[in-house]
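In: Attaching a predicted model along with its sequence, questions to come.
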Amino acid sequence: MELTCLSEGKGFYFPPCHIMDICGFRVLFDCPMDLSSLAIFSPLPVDANAISNDENISGSCHKYADLELNEDKGQKIDKPLDANSLICAEPQYKTITNLLLWNVSFIDVVLISRPMGMLGLPFLTRNKDFIAKVYVTEAAAKIGQLMMEDLVVMHEEFRQFYGPDARKWMNWEEIELLPLELRQIVFGADGTEFGGWVSLYSAADVKACMLKVDSLKYAEEACYNGTLILKAFSSGLDIGTCNWSITSPKGSIAYISNSIFSSATAMSCNYEALQRTDVIVYSDFSSSDAANKFDDDNNCPGAAGNNFSNLSDDDVNSKARTTLLDADEYLEEMAKLDFICSCSMDCINSGGSVLIPIGRLGIVLQLLERFALCLASENAKVPIFVISSVAEELMAFTNIIPEWFCEQWQDRLYSGQPLFSHKEMLKDGRLYLFPAIHSLELLTIWQEPCFVFCPHWSLRLGPVTHLLRRWCGDPNSLLVVEEGVDVNLALLPFKPMAIKVLQCSFLSGMKLQKSQQLLKILQPRHVLFPEKLRQHISPLETSFSFDYYSENKTIHISNPKEDSELDIEVELARRLQYTTLKQKDINILRLKGELVVERGRYRLSLGNEQVMSSQTRPMLHIGGVYSNDLLMALQKMGMKATVEEITGVGGSDNASIIHVLEPSKAVIEVREAQTLISNGDENVATLISQAVYSLLDCV
């Protein structure tokens, strides 16, 4: 087995990407896009007159006319970053550069762990050499498709504004003039990511991509090429997100993506389905991202440093499960949502509006429910708008995938209550769904103050740019964004600002202490950790072997099973007659049939063939011939012979020459791979052959 980390990712919106060789098949885990890099582009201006013709052609808002060069040192002086520094052009999109280095025809399987992990998939599927099977959970496939379609619609505004013949921004001289902060995004921290920028795919590409996707229901089993058994189990991160279980003839593998054990929206992480896996690929980088908080974590109950050495296995599992299912994280998430709701209601009561461009479906659904309850308790008639080209379809879809929601929400359905209150909110005029901000109906019923949910969290494209320009000078309004977004850069085009900005962080994976408790329960044989966790994983506290992987480096893993299992029918196995080899303590038999791989296991298929007896088939002799043993066998037959050792050049190709003197002369050349008999007397040659056969095993 081999594992290559193509990208460590950047949190919830840009998951990690790995490729793994399993039984000769290359499996790609996730194919995301780094949409945070859109921050280097300027959002569309309010009107076309905001950009002059010369600037539109050059592809940059700023001409850098006052950029000075230090002639003595030959270095440029970077200008401070401001709104004019951003690139005014049709955006390009940053993909995983390391993935572009692979020949896509060599990829056999693609496994998607969450909707954000399939945003870059059309770049692969539109390649004529792409032939891989793509597996996604049913929920993630639909949500991912809607996200891609919405992205294409939002990007279309740029194409309409700049025109089809607009010059691309990727001019080397102009990039060199960008401020340092923007150049670092363009080239990457190590300067190797410039080649990863590509033009966005089209709606036709998205449609063609989805035709190549095999969607799986919860825990549904899929079999690839009869060899790999694939199953997806909830990771708890969001609706449709999963961890992957892979079973092969050479062992079982679990791919653990970012996981949450007490989710407020999605079904909690089903870790029990991954127990006793041979190899675990631990891909939850949120643990390493929070490594600076590790010391604080160690002071918490159930931290990773707890000593379980004096406890039984049952006690260890019980204590570990208690740590995993600790409700503190759940309560903390609920407190965050309540705080957002409280701040939002304060702004509404003061006459301001609330703008929420959060991309997490689970968080959006929770906030919709809370806003509705708060408005009902205060008897306030404030509209809630969801503005997106896929808003109506997305809200409808959430009502038909109850198996991916948490138990609390599933209980509503089983008790006869609606899963969500969308239908009632739409009926009584509390909730409105619109495909675009310029919809005629929306303009007709528009009312402020209001709540608005809309894309995009990058604050560079979509309805959010228009609404943020409208409210950025209103001190009573509120913008809710997620932590992890570079707020200073994201808000640069909208400054000066008076609007309140509330930046919130939500759980994006398991904490470090919980990851070790999880592994105590799973009891794997071998674990692959990110290199960033090296200083936090103690070899003395683990019962498994482990390795560390880093970006763009291939790590080799020994197959967990040295020998493969073979399924044979019981009745057939009873009729098999084994022969024990003389030179090795091994039982062996001969039979005629077909060896097939079926559902991840080797199976012996004989069909109508019967086991052949030794009387009806030619004998097969196997084993090795050694000169001294052969010499003794010849002497027992009354032959006189001597041995001559011949050494090849450099000690290679050694041979033993046995000279038979009586009853007639013969020469026997014994080498490692063959034994050659030279004799003119057929009877003597037969005797020598019998002596050779006496040293071999017959089957």
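Out: That came through, no problem.

In: So residue 409: helix, strand or coil?
Out: helix (DSSP: H, G, I helix; E, B strand; the rest coil).

In: roughly how far apart are it and residue 453?
Out: For residue 409, the distance to residue 453 equals 19 Å [Cβ to Cβ, to the nearest Å]. (Glycine included, C-beta is placed from N, CA and C.)

In: any idea where the strands of the stretch 51-200 of the chain begin and end?
Out: Ranges of strands within the stretch 51-200 of the chain are 69-70, 75-76, 93-94, 109-111, 133-137, 197-198, based on DSSP state E, counting those that start in this stretch.

In: Sorry, slip of the keys, the one I care about is the stretch 351-500 of the chain.
Out: Going by DSSP E, counting those that start in this stretch, the stretch 351-500 of the chain shows strands at 354-356, 384-387, 431-434, 451-453, 478-482, 500-504.

In: same thing with the stretch 201-350 of the chain?
Out: Using DSSP E, counting those that start in this stretch, the strands assigned to the stretch 201-350 of the chain run over residues 213-216, 221-224, 228-234, 242-248, 251-256, 279-282.

In: got the CA positions of the first one in PDB?
Out: Output in PDB follows, covering the C-alpha atoms of strand 213-216 (Å, rounded to 0.1, in the frame of the first residue of the first chain):
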ATOM      1  CA  VAL A 213     -21.200   9.700  -9.900                       C
ATOM      2  CA  ASP A 214     -22.500   6.600  -8.100                       C
ATOM      3  CA  SER A 215     -24.500   7.800  -5.100                       C
ATOM      4  CA  LEU A 216     -24.700   5.600  -2.000                       C
END
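
In: Sheet partners, orientation included, of that strand?
Out: strand 133-137 (parallel) (DSSP bridges).

In: Repeat that for the fifth one.
Out: Using DSSP bridges, the strands paired with strand 251-256 are strand 242-248 (antiparallel), strand 279-282 (parallel).

In: Which one, of those, ends up nearest to residue 580?
Out: strand 242-248 (31.5 Å; Cβ to Cβ).

In: and for the closest one, what are the contacting residues?
Out: With Cβ atoms under 8 Å, 6 or more residues apart in numbering as the test, strand 242-248 has contacts from 22-23, 27, 29, 111, 113-114, 137, 140, 227-235, 252-257, 259, 269-271, 273-274, 277, 600.

In: Adding distance to residue 7, mean neighbour count and mean pLDDT as columns, could you present the strands of the stretch 201-350 of the chain in a markdown table?
Out: Below are those laid out as a markdown table (distance: least, Cβ to Cβ, whole Å; neighbours: other Cβ atoms under 10 Å; pLDDT from 0 to 100):
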| stretch | distance to residue 7 | mean neighbour count | mean pLDDT |
| --- | --- | --- | --- |
| strand 213-216 | 21 | 18 | 95 |
| strand 221-224 | 24 | 16 | 93 |
| strand 228-234 | 21 | 23 | 94 |
| strand 242-248 | 17 | 25 | 94 |
| strand 251-256 | 15 | 24 | 94 |
| strand 279-282 | 14 | 26 | 94 |
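
In: Now tabulate these in CSV and tack on distance to residue 103.
Out: Below are the strands of the stretch 201-350 of the chain laid out as CSV (distance: least, Cβ to Cβ, whole Å):
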stretch, distance to residue 103
strand 213-216, 21
strand 221-224, 19
strand 228-234, 20
strand 242-248, 22
strand 251-256, 22
strand 279-282, 22
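
In: hmm, back to that, columns mean neighbour count and distance to residue 101 on top of the strands of the stretch 51-200 of the chain, output as JSON lines?
Out: Putting those into JSON lines (neighbours: other Cβ atoms under 10 Å; distance: least, Cβ to Cβ, whole Å) gives the following:
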{"stretch": "strand 69-70", "mean neighbour count": "10", "distance to residue 101": "36"}
{"stretch": "strand 75-76", "mean neighbour count": "11", "distance to residue 101": "31"}
{"stretch": "strand 93-94", "mean neighbour count": "22", "distance to residue 101": "15"}
{"stretch": "strand 109-111", "mean neighbour count": "25", "distance to residue 101": "17"}
{"stretch": "strand 133-137", "mean neighbour count": "24", "distance to residue 101": "20"}
{"stretch": "strand 197-198", "mean neighbour count": "16", "distance to residue 101": "14"}
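
In: Residue 681 is nearest to which of those?
Out: Across these, residue 681 has its closest neighbour in strand 109-111 (63.0 Å, Cβ to Cβ).

In: Which strands or helices does that closest one pack on?
Out: strand 25-29, strand 133-137, strand 228-234 (3 or more Cβ pairs under 8 Å, 6 or more residues apart in numbering; DSSP states H and E).

In: In terms of secondary structure, what does the strand or helix carrying residue 641 contact?
Out: When elements are assigned from DSSP states H and E, residue 641 belongs to strand 640-646. Counting contacts by 3+ Cβ pairs under 8 Å, 6+ apart, strand 640-646 packs against helix 627-636, strand 655-662.

In: May I see the ones you listed organised as JSON lines, with mean pLDDT added?
Out: As requested, the helices and strands packed on strand 640-646 are exported to JSON lines (pLDDT from 0 to 100):
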{"stretch": "helix 627-636", "mean pLDDT": "78"}
{"stretch": "strand 655-662", "mean pLDDT": "79"}
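
In: Now mean neighbour count and distance to residue 15 too, for the ones you listed, in a markdown table please.
Out: Below are those laid out as a markdown table (neighbours: other Cβ under 10 Å; distance: least, Cβ to Cβ, whole Å):
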| stretch | mean neighbour count | distance to residue 15 |
| --- | --- | --- |
| helix 627-636 | 16 | 63 |
| strand 655-662 | 16 | 60 |
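
In: export the ones you listed to a markdown table and tack on distance to residue 420?
Out: As requested, the helices and strands packed on strand 640-646 are exported to a markdown table (distance: least, Cβ to Cβ, whole Å):
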| stretch | distance to residue 420 |
| --- | --- |
| helix 627-636 | 82 |
| strand 655-662 | 82 |
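
In: So which of these is nearest residue 191?
Out: Evaluated with Cβ to Cβ, the helices and strands packed on strand 640-646 place strand 655-662 nearest to residue 191, the distance being 58.7 Å.

In: Pull the residues that contact the closest one.
Out: Contact partners of strand 655-662, identified using Cβ under 8 Å, 6+ apart, comprise 627, 630-631, 634, 639-646, 648, 665-671, 679, 684, 688.

In: Good, wrapping up.
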